[in-house]
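Colleague: coords below, sequence missing:
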């Protein structure tokens, strides 16, 4: 059995494209595990590199360090909203149910397929009809 690859701090920083200061800050915040060993003998392993790369991925997506801490401790990963750019087109379905009752659906944002949107619309229409029958 071979020993896992170990990294000095400078090597870890190069591989993760993170400054020494930032690595130390992440350790202080508890986002990255403490190094193995103390002082000059301290070293890092693949787990540390994975943590830094995951943090980089989330920060590049605009996720806050506090939310990253929550995700790394087991909460569901965040899905950052897409940045809308000037000139971008967004398709929405606008469902007229009755006077004063309308529904707007953005299938892409909701993660719905066209079939799911149609099924949803049918159920909403049925629910509205059922409410009308009860009030008569």
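Modeller: Cool, got the structure. Everything numeric in this text was worked out from a predicted model, so none of it was measured. Residues are numbered from 1 along each chain as shown.
Colleague: okay, and the helix or strand of the chain with the least pLDDT?
Modeller: helix 107-110 (a mean of 76; mean pLDDT, DSSP states H and E).
Colleague: show me where this protein has helices.
Modeller: Per DSSP state H, the chain carries helices over the ranges 9-16, 20-29, 46-60, 65-72, 107-110, 114-135.
Colleague: Would you mind putting these into a markdown table with distance to residue 101 alongside?
Modeller: Every C-beta, even on glycine, is put in place using the N, C-alpha and C of the backbone. Listed next are the helices of the chain as a markdown table, based on distance: least, Cβ to Cβ, whole Å:
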| stretch | distance to residue 101 |
| --- | --- |
| helix 9-16 | 53 |
| helix 20-29 | 48 |
| helix 46-60 | 40 |
| helix 65-72 | 36 |
| helix 107-110 | 19 |
| helix 114-135 | 7 |
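Colleague: To residue 87, which of those lies closest?
Modeller: helix 107-110 (17.0 Å; Cβ to Cβ).
Colleague: by contact count, what packs against that closest one?
Modeller: helix 114-135 (3 or more Cβ pairs under 8 Å, 6 or more residues apart in numbering; DSSP states H and E).
Colleague: With mean neighbour count as added columns, please give the helices of the chain in TSV.
Modeller: Shown next, in TSV, are the helices of the chain (neighbours: other Cβ atoms under 10 Å):
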stretch	mean neighbour count
helix 9-16	16
helix 20-29	14
helix 46-60	16
helix 65-72	15
helix 107-110	12
helix 114-135	11
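Colleague: Worst mean pLDDT among those?
Modeller: The minimum mean pLDDT among those belongs to helix 107-110 (a mean of 76).
Colleague: which residues does residue 73 contact?
Modeller: Counting by Cβ atoms under 8 Å, 6 or more residues apart in numbering, residue 73 makes contact with nothing.
Colleague: And it, its phi and psi?
Modeller: phi -90, psi 10 (degrees, to the nearest 10).
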